[in-house]
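Visitor: My questions are about this predicted structure, shown below with the sequence.
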Amino acid sequence: MNTLNFFSKNKLLTFFFLGIFFVYIPVTILVSMGVIEALPFGWMFLSCTISLPFLLLIKNDIKGFTFGKPIVFFNFFLLIFILVLLFNYSLSNSKIIFEHLSNIIVLVTLYILASKINFSDNTFIKTSIFFFLLSSIFILYNRNFIVNFWDYINVSLNYQGIGMCYFILSLPIFMLEKKIYKILCFILCLSCLNIIGARTEMISFLFIVIIFEIFSRQKNIRVILLFLFSIIFLIFMIFGKDILNIIGLEKFSVLFNIEKDESWIKRNEFLNDGLKTIRENIIFGKYGSYKDGAYIHNILSSWVDLGFFGFLVLILSLVYVLIDSFKIIFKEKSTKFEILFLGFAIAIFIISVFSKQYTYPLIGFCIGLYSRLSSKRFKIVY
């Protein structure tokens, strides 16, 4: 009897899903508080490295492979990434080489995990939501430390990593049947993301909620909801700063005066430096030409490190995922997972293109979800 049968596969995949995304949150907070010692290389890399060989051995419950354009271009991106690391390796830049090698392992691991995990499986949904609630309790219990972590001595809290992992843990909420449970989890998730200070993930989650609520309805209702949400968006654009201040989200009100935000100013400096590097090295880029952390915070960072062709295959991969996700809009009736993927794909496209480095882990997760959905639903052939 095959020990990796269909049911045990889902349990194993759920275990690795939680091992990567759930465990990251308490481990990172406890390390930052000094309760436990710092882990070598960080939990994300460590957990992905341990999970990868097991994930490769687990057979997908969907027969065959998907060779759509997004996956082909994503594989070319990984190949170019690896070749650039090999050609640029030296003792002087071994630190950044190792960091980028760990990024590749994380991207590949999350791609394989997302391509095999079944978001519609009841065991996965119930178990993931239980640990989502557990992580929420942990965040709420340690909220004073998380909110004021910069006031502590010798503390370095990766709130962006916590926000990203918590964001992924929230995705199974959309698969819940009972509306009231779903709404309560939505509110809880937005509250915790606000505590973490993860603006990108909070806006992305809210965006997915809106997309999900619109496109899970019949076509005639969708038009009405699109109109209503457009009106709400216009009102928010006019009075948003005051609304955010009233409801206690002052840290988000900076979005209405972003030119004075210190983070925005720094990122503009990094962008200008990166664009200069691109102009001077337009074909091959100049790998690792920036100081630690001073990279472009958008997809052009791939052009700096991997050259024009690395940038091209990555942007094409994301664009084709976006194009194929739009097919869901025109379906008469879509599954919950399809609608979730639609919102997630649009959110990851926007995040990756405009605000994250090319090594952003959720790019791999998004391409993996595309692989699962396309091979199961669309049977896309190019």
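Guide: Thanks, I have the structure now.
Visitor: What confidence value was assigned to residue 22?
Guide: pLDDT, residue 22: 96.
Visitor: who's in contact with it?
Guide: 131-132, 134-135, 165, 169 (C-beta atoms under 8 Å, 6 or more residues apart in numbering). In short, each C-beta sits where N, CA and C put it, glycine included.
Visitor: among those, which ones are buried?
Guide: 131-132, 135, 165, 169 (16 or more other C-beta atoms under 10 Å).
Visitor: Okay, and which of the contacts of residue 22 map to helices?
Guide: Applying DSSP state H to the contacts of residue 22, the entries found in helices are 131-132, 134-135, 165, 169.
Visitor: which two in the residues you listed are spaced the farthest apart?
Guide: Longest distance between any two of the ones in helices among the contacts of residue 22 is 12.8 Å, between 134 and 165; criterion C-beta to C-beta.
Visitor: neighbours of the nearest residue to residue 296 once chain neighbours are set aside, just the number please.
Guide: Nearest residue to residue 296, sequence neighbours excluded (C-beta to C-beta, 6 or more residues apart in numbering): residue 274, at 3.8 Å. For residue 274, the tally of surrounding residues (other C-beta atoms under 10 Å) stands at 24.
Visitor: Secondary structure element holding residue 274?
Guide: Secondary structure assignment for residue 274, by DSSP states H and E: helix 262-280.
Visitor: Over the very next helix or strand once past that helix, what's the mean pLDDT, rounded is fine.
Guide: Moving toward the C-terminus from helix 262-280, the next helix or strand (DSSP H and E) is helix 301-325. Helix 301-325 comes out with an average pLDDT of 94.
Visitor: what angle do helix 301-325 and helix 262-280 make?
Guide: Here helix 301-325 runs at an angle of 100 degrees relative to helix 262-280 (axes from the mean of the first three to the mean of the last three C-alpha atoms, to 10 degrees).
Visitor: What residues sit buried inside the next helix or strand after helix 301-325?
Guide: Next helix or strand after helix 301-325 toward the C-terminus (DSSP H and E): helix 336-354. Neighbour counts over helix 336-354 (16+ other C-beta under 10 Å) mark 337-353 as buried.
Visitor: Which residues does helix 336-354 contact?
Guide: The contact list for helix 336-354 (C-beta under 8 Å, 6+ apart) reads 119-120, 171, 174-175, 200, 204, 207-212, 215-216, 298-299, 315, 318-319, 321-322, 325-326, 328-329, 331, 334, 358, 360, 362-363, 365-366, 369-370, 373, 377.
Visitor: which among these end up buried?
Guide: Using 16+ other C-beta under 10 Å as the burial test, those include 119, 171, 174-175, 200, 204, 208-212, 215-216, 298-299, 315, 318, 321-322, 325, 328, 334, 358, 360, 362-363, 365-366, 369-370, 373, 377 as buried.
Visitor: Show only the entries of those found in helices.
Guide: When the buried ones among the contacts of helix 336-354 are checked against helices (DSSP H), the matches are 200, 204, 208-212, 215, 315, 318, 321-322, 325, 362-363, 365-366, 369-370, 373.
Visitor: And the helices in the stretch 51-200 of the chain?
Guide: 69-88, 94-116, 122-141, 143-147, 159-169, 179-196, 199-215 (DSSP state H, counting those that start in this stretch).
Visitor: The longest one - what's its average pLDDT?
Guide: Looking at helix 94-116 alone, the average pLDDT works out to 93.
Visitor: That one packs against which elements?
Guide: helix 6-33, helix 43-57, helix 69-88, helix 361-373 (3 or more C-beta pairs under 8 Å, 6 or more residues apart in numbering; DSSP states H and E).
Visitor: so how far is the longest one from its chain's centroid?
Guide: Between the mean C-alpha location of helix 6-33 and the chain-wide mean there is a distance of 16 Å, by C-alpha atoms, centre = their mean, to the nearest Å.
Visitor: how about it: buried residues?
Guide: For helix 6-33, using 16+ other C-beta under 10 Å, the buried residues are 9-10, 12-14, 16-18, 20-29, 31-32.
Visitor: what's the angle from that helix to helix 43-57?
Guide: Angle between the axes of helix 6-33 and helix 43-57 is 170 degrees (criterion: the same axes, to 10 degrees).
Visitor: re the thing from before, can you say which of the helices and strands packed on helix 94-116 is nearest to residue 287?
Guide: Of all the helices and strands packed on helix 94-116, helix 69-88 comes closest under C-beta to C-beta, at 4.6 Å.
Visitor: Outside of that closest one itself, list whatever touches it.
Guide: Helix 69-88 is touched from outside by 97, 100-101, 104, 107-108, 111, 287-288, 302, 305-307, 309-310, 313-314, 316-318, 320-321, 324, 364, 367, 370-371, 382, with contacts defined as C-beta under 8 Å, 6+ apart.
Visitor: For that helix, what does the pLDDT average out to?
Guide: In this model, helix 69-88 has a mean pLDDT of 93.
Visitor: go on, stretch 130-149?
Guide: Stretch 130-149 shows a mean pLDDT of 85 in the predicted model.
Visitor: Using CSV, list the CA coordinates for it.
Guide: Extracted in CSV, the C-alpha atoms of stretch 130-149 (Å, rounded to 0.1, in the frame of the first residue of the first chain):
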residue,chain,number,x,y,z
PHE,A,130,-7.1,26.8,13.4
PHE,A,131,-3.4,27.8,13.1
PHE,A,132,-4.4,31.2,11.6
LEU,A,133,-6.5,31.8,14.7
LEU,A,134,-3.5,30.6,16.9
SER,A,135,-1.1,33.0,15.2
SER,A,136,-3.7,35.8,15.6
ILE,A,137,-3.8,35.1,19.4
PHE,A,138,0.0,35.1,19.5
ILE,A,139,0.1,38.5,17.6
LEU,A,140,-2.5,40.0,19.8
TYR,A,141,-0.9,38.7,23.0
ASN,A,142,2.5,40.3,21.9
ARG,A,143,1.0,43.4,20.3
ASN,A,144,2.8,45.9,22.6
PHE,A,145,6.2,44.4,21.6
ILE,A,146,5.3,44.2,17.9
VAL,A,147,4.0,47.8,17.7
ASN,A,148,6.9,49.3,19.7
PHE,A,149,9.7,46.9,18.7
